[in-house]
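Trainee: here is my input, please return the structure:
(chains A, B, C and D)
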4 protein chains.
Amino acid sequence: MSGGGDDGPTATFLLSCPDQPGLVRSVADFVFRHGGNIAHADQHIDRQEGTFFQRVEFSLDGFGVPRTELADALADETGDVGMRIDVRFSDVVPRMAILVSQQAHCMEDLLARWRTGDLEVDLPLVISNHPDHADLVRFMGPQYVHLPVTPEDRQGQESELSRLLVEERIDLVVLARYMQILSPSFVEGWRGRVINIHHSFLPAFAGARPYHQAHLRGVKLIGATAHYASEELDGGPIIDQDVVRVSHRDAVEDLVRKGRDLERVVLARAVRAHLEGRILLHGNKTVVFD
Amino acid sequence: MSGGGDDGPTATFLLSCPDQPGLVRSVADFVFRHGGNIAHADQHIDRQEGTFFQRVEFSLDGFGVPRTELADALADETGDVGMRIDVRFSDVVPRMAILVSQQAHCMEDLLARWRTGDLEVDLPLVISNHPDHADLVRFMGPQYVHLPVTPEDRQGQESELSRLLVEERIDLVVLARYMQILSPSFVEGWRGRVINIHHSFLPAFAGARPYHQAHLRGVKLIGATAHYASEELDGGPIIDQDVVRVSHRDAVEDLVRKGRDLERVVLARAVRAHLEGRILLHGNKTVVFD
Amino acid sequence: MSGGGDDGPTATFLLSCPDQPGLVRSVADFVFRHGGNIAHADQHIDRQEGTFFQRVEFSLDGFGVPRTELADALADETGDVGMRIDVRFSDVVPRMAILVSQQAHCMEDLLARWRTGDLEVDLPLVISNHPDHADLVRFMGPQYVHLPVTPEDRQGQESELSRLLVEERIDLVVLARYMQILSPSFVEGWRGRVINIHHSFLPAFAGARPYHQAHLRGVKLIGATAHYASEELDGGPIIDQDVVRVSHRDAVEDLVRKGRDLERVVLARAVRAHLEGRILLHGNKTVVFD
Amino acid sequence: MSGGGDDGPTATFLLSCPDQPGLVRSVADFVFRHGGNIAHADQHIDRQEGTFFQRVEFSLDGFGVPRTELADALADETGDVGMRIDVRFSDVVPRMAILVSQQAHCMEDLLARWRTGDLEVDLPLVISNHPDHADLVRFMGPQYVHLPVTPEDRQGQESELSRLLVEERIDLVVLARYMQILSPSFVEGWRGRVINIHHSFLPAFAGARPYHQAHLRGVKLIGATAHYASEELDGGPIIDQDVVRVSHRDAVEDLVRKGRDLERVVLARAVRAHLEGRILLHGNKTVVFD
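Mentor: So this is what the prediction gives:
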């Protein structure tokens, strides 16, 4: 969907809590009474787990509660329902960093979407354990930092990585075919803010060289999966997936080539969903509103 | 999504009106104050036309307004906003008739879905201008009425058709590859309650013999389109569409064969969406909630 | 593609052997010199393994070699290249048996395709460990044999099953959601002639209750896989696969319902490919010509 | 499929003629007798029109006919069958020019594929009626020529365009969202060598502003079509098409955005098929071998 940006800034609540009667009404009431108008609202109830999810976007012009107090005010008025509240503002542009290794197609795709304004995000920083893409990235605009990884100093590289992300006030880290494993403590610290693209239809072919695995197994479709990073490698909450048809005619290198197009599109869709505040994390699953 | 049938009956409002502030809150408030709980709610605002659409499903157990007064009560409480209100009840099973000509695959598919409970609908009546399917349909259960069409008595056949649909209290007519043209007055009288399957990706290849047209043009995908019938042949509001890949190897008869699988699935999806009350008609377009 | 049935009977060679120069020419030469005309020819060379695969369909009218001697004659003329030769005739209709348990959708789909001539096959026999589908199957035409499975007499049931398949001269056994495990010796004896439909995108979610597994993992696509049965459960050579999009809105029962449409179409495509002699088995993989 | 480039250079015949017995054998025989080995061979017979199509790729090392005489030699040996013969060599890299207007996503995509070696092509020249992309293109490597179009001097611009294409010995012209109409004489002169991307599922929504047309009609899928340019605007032979699902939530600008991903992938697939010599033109249709 298109945002309501033409009509002044909006705030978006991402809400989840145990389901109970009156939640939709409470939130709608809160927005209405303080002078907002709901531009979009999506609800989902997971009946098995009894969990309520909502995304509500509303106009801020003339709204009777200051931005910094929105979450508290909503919590107050909805009462003691254990609601998890996340707030985003349409005029606060998030800041993204890309991590990349040798294969550049996902990074280039994100760069192009950023440059043309297709993705509304700031992109101050690209970090790689390879020096290869420096010229291209710098021509496009972002800073390119080469952070080589050595077996002896894996931890030092990650510390420097963390420092850069903090220094640049990064909101979202995109692993655009970054082939280094991040430590559990890094992943934990950035939970829900690191998106990875895995080049298979997870949970099939987790781990290394998925296209080789797929070729060996003789599958008739190959896939790509965008997911949030988690301690369990390739096991994090799935955001988006897609597949493309292959046949006996496709050698491993054909799978690699066809897969590249998939990876780019699936990763870009996941990044967009995150940036537009359409994803709610819940355990190891995601609710992704349209 | 799965309905909330386990928890007692529900009512579903299908609402549309010119957009204005407070609509979501008004409806949520109405449900809450009379003792209902919202099981599902979907909104859509068409910003170009400034139209608000909503589907709200809520529990009826203990609800403080009788079923027959629901629409009026909601209209009263939301005020003079020009709201179009449609109400459905989860425990009132709609009644469907199928019209079919010689090709039986769509009819058979709907029969199978009905028989196994996959579609929650009553299916008392199948009407055809051909006698061919009588044995199968009767074995399955529904009445089979053979209404031949002659050039001289097209109008008489349609009158009899109308009479049967009324007599059987039919809510939804499905044209499952019914190859006869219905009169404008029939279509007008049944507006929004007749679903047709056209065997092309409309608006490409409207009219007769779309697979022949597609083959002639050399397209690389063929499609099927489920839409509500309208005065303009193949021009009514589209509910669902899908495509399948074809190649130079496919002769017209291959397109026909591949198309059959498409037609069945697309038609069934559209019928399901209608039966579940997920479609809002608006001019010549549809809002189909997930 | 459409067969060449209008122009008299054809023979189809399915060939595989270690690749070497001149194979295409040898086969084309064989057909030409004996008076045949090639209607279709597809080749594939697996460069990694150095294996040559070919499917050649040619006219039999006036062909200078009797049907029973075709394979030997081709072997003679192509020389000592280790060629595996399989021959099929367009006017010899294969005989298929369906095995089914409680869920009938795949069986019903195959029955409908057989009854309308969409699948060119004889279907004399449906076997089930449940009595439920007897009336429907008998109305449609085939014999319905109820072979209950008891923990004590699993082997006895399989013996009776084998006896029936042989008695009815069955060429292809389709496991249309047959939920009983077949013994390794049965599978070995019927290698390449038993097609199973598994309700997941293999190798993801092998084993029991794949839709529950998929729901738990939070995937965004669900799949179905048609494969030849092998000793390793759900591990046999894959013939066809497909997927459909799902979301957080889909409960397990929605996955089951959406999956049914996938299963039917994927199984039917695999059965068609087998019946048209378009599949070459090679180790644990398949070559499926268009 | 992957080419056989590792094993020395290959030649590829693209052949078409009225069908008659012995064609496959004649060509295989020609290759064999002169010392070649067939790496790939695909045939297709259009039974309705009685036309034979073949693509044969074979090794050139030690082949007994010089490159320049291949077509004539084959014509001699196959006899008077009216065969149209096109020959390509795996070690002769074709030269491509891109024409682009304001929207750069298709051009950028092709540039990236060229730069990373994903497309085996030389790309000396990008021409645009806008100056906007000069810096990016030049950074990437190709020459960027700005050829503005004025109502008064449409013909002059096209002459200069033609001159540049000839000067740079261009084999393939790609209209990567080039929004200027080319004259019939230009199109005629470059028949089969100009690929255009149209942002709809042709023949639906030919002409201007297809996404607006699609939105107005309320379709549930949007498409993109890659085709050879022809005198009839948007009417040329279709090479590839694809679609993506849209819904009532998508405004025109969402269709535009979603369409961009489609356009890039469909155009790239068509360009690849052309560069790999897998397309045979036949009247207003294409045979595209896998």
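Trainee: what is the burial count for A:Ser16?
Mentor: 21 (other CB atoms under 10 Å in any protein chain shown). Backbone N, C-alpha and C define where each C-beta goes, glycine included.
Trainee: that one touches A:Phe52, doesn't it?
Mentor: Yes. Using CB atoms under 8 Å, A:Ser16 is in contact with A:Phe52, at 6.6 Å.
Trainee: quick one: contacts for A:Leu125?
Mentor: A:Leu125 makes contact with A:Ala97, A:Ile98, A:Pro142, A:Gln143, A:Val145, A:Leu164, A:Leu165, A:Glu168, A:Ile170, according to CB atoms under 8 Å, 6 or more residues apart in numbering or on different chains.
Trainee: that one should be in a strand, yeah?
Mentor: Yes. The assignment for A:Leu125 by DSSP: H, G, I helix; E, B strand; the rest coil puts it in a strand.
Trainee: read off the pLDDT value for it.
Mentor: In the predicted model, A:Leu125 carries a pLDDT score of 98.
Trainee: helix, strand or coil for A:Phe30?
Mentor: Counting by three-state DSSP, the backbone at A:Phe30 sits in helix.
Trainee: how near is it to D:Phe32?
Mentor: To D:Phe32, A:Phe30 is 81 Å away according to CB to CB, to the nearest Å.
Trainee: list the buried residues in the lengthiest helix in chain A.
Mentor: Scanning chain A for the longest helix, with DSSP state H as the assignment, gives helix A:252-275. Judged by neighbour count (16 or more other CB atoms under 10 Å in any protein chain shown), helix A:252-275 contains these buried residues: A:252, A:254-275.
Trainee: that helix - contacts with which helices or strands?
Mentor: Under the contact criterion of 3 or more CB pairs under 8 Å, 6 or more residues apart in numbering or on different chains; DSSP states H and E, helix A:252-275 touches helix A:105-115, strand A:172-175, strand A:194-198, helix A:210-217, strand A:221-228, strand A:238-245, helix D:252-275.
Trainee: if we use 6 Å, what do you get?
Mentor: Contacts defined by 3 or more CB pairs under 6 Å, 6 or more residues apart in numbering or on different chains; DSSP states H and E place helix A:252-275 against helix A:105-115, strand A:194-198, helix A:210-217, strand A:221-228, strand A:238-245.
Trainee: got the CA coordinates for that helix in PDB?
Mentor: This file holds the C-alpha atoms of helix A:252-275, laid out as PDB (Å, rounded to 0.1, in the frame of the first residue of the first chain):
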ATOM      1  CA  VAL A 252      24.500 -25.700 -10.300                       C
ATOM      2  CA  GLU A 253      25.800 -22.500 -11.900                       C
ATOM      3  CA  ASP A 254      22.300 -22.000 -13.500                       C
ATOM      4  CA  LEU A 255      20.700 -22.500 -10.100                       C
ATOM      5  CA  VAL A 256      23.100 -19.800  -8.800                       C
ATOM      6  CA  ARG A 257      22.200 -17.500 -11.600                       C
ATOM      7  CA  LYS A 258      18.400 -18.000 -11.400                       C
ATOM      8  CA  GLY A 259      18.700 -17.800  -7.600                       C
ATOM      9  CA  ARG A 260      20.300 -14.300  -7.800                       C
ATOM     10  CA  ASP A 261      17.100 -12.800  -9.200                       C
ATOM     11  CA  LEU A 262      15.000 -14.400  -6.500                       C
ATOM     12  CA  GLU A 263      17.400 -13.300  -3.700                       C
ATOM     13  CA  ARG A 264      17.300  -9.700  -4.800                       C
ATOM     14  CA  VAL A 265      13.500  -9.500  -5.000                       C
ATOM     15  CA  VAL A 266      12.800 -11.500  -1.800                       C
ATOM     16  CA  LEU A 267      15.300  -9.500   0.200                       C
ATOM     17  CA  ALA A 268      14.000  -6.200  -1.100                       C
ATOM     18  CA  ARG A 269      10.400  -7.100  -0.300                       C
ATOM     19  CA  ALA A 270      11.400  -8.000   3.300                       C
ATOM     20  CA  VAL A 271      13.400  -4.800   3.800                       C
ATOM     21  CA  ARG A 272      10.500  -2.800   2.500                       C
ATOM     22  CA  ALA A 273       8.100  -4.500   4.800                       C
ATOM     23  CA  HIS A 274      10.400  -3.800   7.800                       C
ATOM     24  CA  LEU A 275      10.900  -0.200   6.800                       C
END
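Trainee: immediately after it, which helix or strand?
Mentor: strand A:279-282 (DSSP states H and E).
Trainee: next secondary structure after that following strand?
Mentor: Taking DSSP H and E, what comes next after strand A:279-282 is strand A:285-288.
Trainee: parallel or antiparallel, which strands does that following strand pair with?
Mentor: Paired neighbours of strand A:285-288 in the sheet (DSSP bridges): strand A:279-282 (antiparallel).
Trainee: so for the helix or strand harbouring A:Leu164, mean pLDDT?
Mentor: Assigned by DSSP H and E, A:Leu164 belongs to helix A:154-167. The pLDDT scores in helix A:154-167 average 96.
Trainee: would you indicate which residues of it are buried?
Mentor: A:Gln157, A:Glu158, A:Leu161, A:Ser162, A:Leu164, A:Leu165.
Trainee: need the contact partners of stretch A:184-198.
Mentor: Residues from elsewhere that reach stretch A:184-198 (CB atoms under 6 Å, 6 or more residues apart in numbering or on different chains): A:106, A:158, A:172-175, A:225-229, A:231, A:234, A:263, A:267, A:270, A:281.
Trainee: give me the distance between the two termini of it.
Mentor: Start-to-end span of stretch A:184-198 (CA to CA, to the nearest Å) is 18 Å.
Trainee: what of stretch A:266-285?
Mentor: End to end - CA to CA - stretch A:266-285 spans 17 Å.
Trainee: who touches it?
Mentor: With CB under 6 Å, 6+ apart as the criterion, stretch A:266-285 contacts A:12, A:14, A:16, A:53, A:88, A:94, A:106, A:121, A:174, A:192, A:195, A:197, A:224, A:226, A:237, A:239-240, A:242, A:286-289, C:218.
Trainee: and stretch A:9-17, by the same measure?
Mentor: So stretch A:9-17 is contacted by A:4, A:39, A:52-57, A:59-60, A:81-91, A:277, A:280 (CB under 6 Å, 6+ apart).
Trainee: out of the residues you listed, which are buried?
Mentor: Buried, going by 16+ other CB under 10 Å: A:4, A:39, A:52-57, A:59-60, A:83, A:85, A:87-88, A:90, A:277, A:280, out of the contacts of stretch A:9-17.
Trainee: helix or strand for A:Ala41, which one?
Mentor: Assigned by DSSP H and E, A:Ala41 belongs to strand A:38-46.
Trainee: so is the one helix or strand A:Leu136 maps to next to chain D?
Mentor: Here A:Leu136 sits within helix A:134-140, counting by DSSP H and E. Yes. Helix A:134-140 reaches chain D (CB under 6 Å from any CB of the partner chain) through A:Phe139.
Trainee: on that earlier part again, which one of the helices and strands packed on helix A:252-275 is the most hemmed in?
Mentor: strand A:221-228 (a mean of 26; mean count of other CB atoms under 10 Å in any protein chain shown).
Trainee: tell me which other helices or strands that strand touches.
Mentor: Against strand A:221-228 (3+ CB pairs under 6 Å, 6+ apart) you get strand A:194-198, strand A:238-245, helix A:252-275.
Trainee: list the contacts of that strand.
Mentor: Contacts with strand A:221-228, where a contact means CB under 6 Å, 6+ apart, come from A:192, A:195-202, A:214, A:236-241, A:243, A:245-246, A:255, A:259, A:262-263, A:266-267, A:270, C:241.
Trainee: I'd like the average pLDDT over it.
Mentor: For strand A:221-228, mean pLDDT is 97.
Trainee: what's the next secondary structure element after the helix or strand bottoming out on mean pLDDT in chain A?
Mentor: Taking mean pLDDT, DSSP states H and E as the measure, the helix or strand of chain A with the lowest value is strand A:38-46, at a mean of 90. Remark: after strand A:38-46, the chain's next helix or strand is strand A:51-59, criterion DSSP H and E.
Trainee: can you name every helix or strand that that following strand contacts?
Mentor: Counting by 3+ CB pairs under 6 Å, 6+ apart, strand A:51-59 packs on strand A:10-18, helix A:23-33, strand A:38-46.
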